[in-house]
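Q: Build me a model:
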Amino acid sequence: MRFHCMPLLYVLSFFLLVSALFSVLLSLAPCFVKSKNHCYRGYESHYSFDVDKADHAEWMKAIPDEANLTSLSIPGTHDTLTYDLTNQVFQCQNHNLSAQLHAGMRYFDIRGRLVNDSIEIYHASMYTGHSYTEVLVTLFDFLDDHPSETIVMRLKEEGRPLGKNSMTFEDAFNYYLHNSTVTSAGAKSHFRKHNPRKPYPTLGALRGKIFLLQNFPSKGPESPYGVIWESADMVLEDLWIIPSVEHLYMKWEAVENALRRAATAKPHANRVLYLAHLSASVGVLPIEAAAGNLNRTVAGINDRTGDWLAATADRGDSGKTGIVIIDFPGKELVDQVLARNRPLTDRNAEL
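A: Below is the predicted model:
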């Protein structure tokens with residue numbers, strides 16, 4: 001009896017294996033279509049991956065000079081320079097800085113590490129292959145070509161110095177500002193020093209400038225150089241440790257609360273900047289947090305945010321978003337964030 005049952009068990013096991021494989025392939029099938037813009041590495045998300053399709057190189061031109069920075073709805077990227085990384089634990093973007101700029105992103109998360117007296121761009125322990133010089137040159141060139149725009153840049157010291165260094169991170173920061181033959185001229189034209197004891201400036205005062213969110217220690221005579229990260233001058237949502245994909249609801253609750261806080265704040269209040277990170281990691285990959293899991297049984301934070309913005313667009317709580325910081329952003333999500341600036345503009349203006 002046992003002998004006759006064995007072939008049947010083999011057939012049944014083979015059938016179950018083929019069925020499971022077919023289910024996986026079926027779940028990934030949309031991403032095998034070459035025309036699909038919303039797919040990347042097998043993940044599919046309507047609000048992710050195709051930010052290069054967005055075209056908002058001068059969206060700030062439609063907003064009047066007297067609008068305060070804190071009254072804007074600004075899309076941005078988290079770990080901006082990780083687009084060349086292949087390790088999914090560290091990769092948070094799939095398009096380069098230039099593409100992000102032309103898509104309308106105006107907040108950038110730049111993580112520098114001092115290496116042999118130069119600032120190189122890292123994500124945790126992973127070197128991205130990019131330098132702070134490269135970042136500055138790209139930003140300066142963009143602002144030269146699009147003087148109506150402003151850029152909010154978080155500069156974080158990402159880890160202890162490596163190699164042989166004769167200066168601190170702050171010293172190196174000042175070198176790029178004042179002494180580098182490659183960046184000092186652009187820095188003189190485009191860096192806007194801010195006194196944190198004063199209110200946030202208007203867009204008119206910031207056009208063509210980089211506004212710094214300082215996330216590194218400083219004690220020099222010129223410091224601080226901008227708004228101090230996690231100070232009382234900002235309301236920050238950054239619940240980034242999520243145990244598993246099934247716990248993404250926790251992240252969404254934090255994001256939704258942050259968006260509601262920003263939307264219901266006084267329209268012209270200029271003492272506080274609202275920032276909401278859509279990113280998460282540790283128990284999930286950054287791409288899973290953004291786009292959901294591969295078989296699409298759990299929605300990612302990009303999709304939940306995009307759907308929420310669309311659903312609340314014409315309601316009383318459809319105010320500003322503040323700065324929305326995104327992993328693997330898509331065109332539709334950028335469009336939804338920028339649409340929240342419409343009350344500040346002529347209704348016929350193009351954002």
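Q: Ends of stretch 233-240, what's the gap?
A: 21 Å (C-alpha to C-alpha, to the nearest Å).
Q: quick one, helices of the stretch 251-351 of the chain?
A: Using DSSP state H, counting those that start in this stretch, the helices of the stretch 251-351 of the chain run over residues 286-291, 301-311, 331-339.
Q: Would you format the ones you listed as JSON lines with distance to His130 and mean pLDDT included?
A: In this view, the C-beta of every residue, glycine as well, is placed from N, C-alpha and C. As requested, the helices of the stretch 251-351 of the chain are exported to JSON lines (distance: least, C-beta to C-beta, whole Å; pLDDT from 0 to 100):
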{"stretch": "helix 286-291", "distance to His130": "17", "mean pLDDT": "98"}
{"stretch": "helix 301-311", "distance to His130": "24", "mean pLDDT": "98"}
{"stretch": "helix 331-339", "distance to His130": "22", "mean pLDDT": "98"}
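Q: Disregarding flanking residues, what is the spatial nearest neighbour of Leu97?
A: Excluding the flanking residues, the one nearest Leu97 by C-beta to C-beta, 6 or more residues apart in numbering is Thr138, at 5.1 Å.
Q: In which helix or strand does the one you found reside?
A: Here Thr138, judged by DSSP states H and E, is contained in helix 132-145.
Q: Give me the next element, helix or strand, following that helix.
A: Scanning forward in sequence from helix 132-145 by DSSP H and E, the next helix or strand is strand 151-157.
Q: Surely Thr77 touches Asn94?
A: No - distance between Thr77 and Asn94: 10.5 Å, which falls outside the contact criterion (C-beta atoms under 8 Å).
Q: Which one's more surrounded, these two?
A: Shown here are Thr77 and Asn94; by other C-beta atoms under 10 Å, Thr77 has more neighbours (26 against 21).
Q: Could you check the pLDDT of the more buried one?
A: If you check Thr77, the pLDDT there is 99.
Q: re earlier: what's near enough to touch the residue nearest to Leu97?
A: Leu97, Ser98, Leu101 (C-beta atoms under 8 Å, 6 or more residues apart in numbering).
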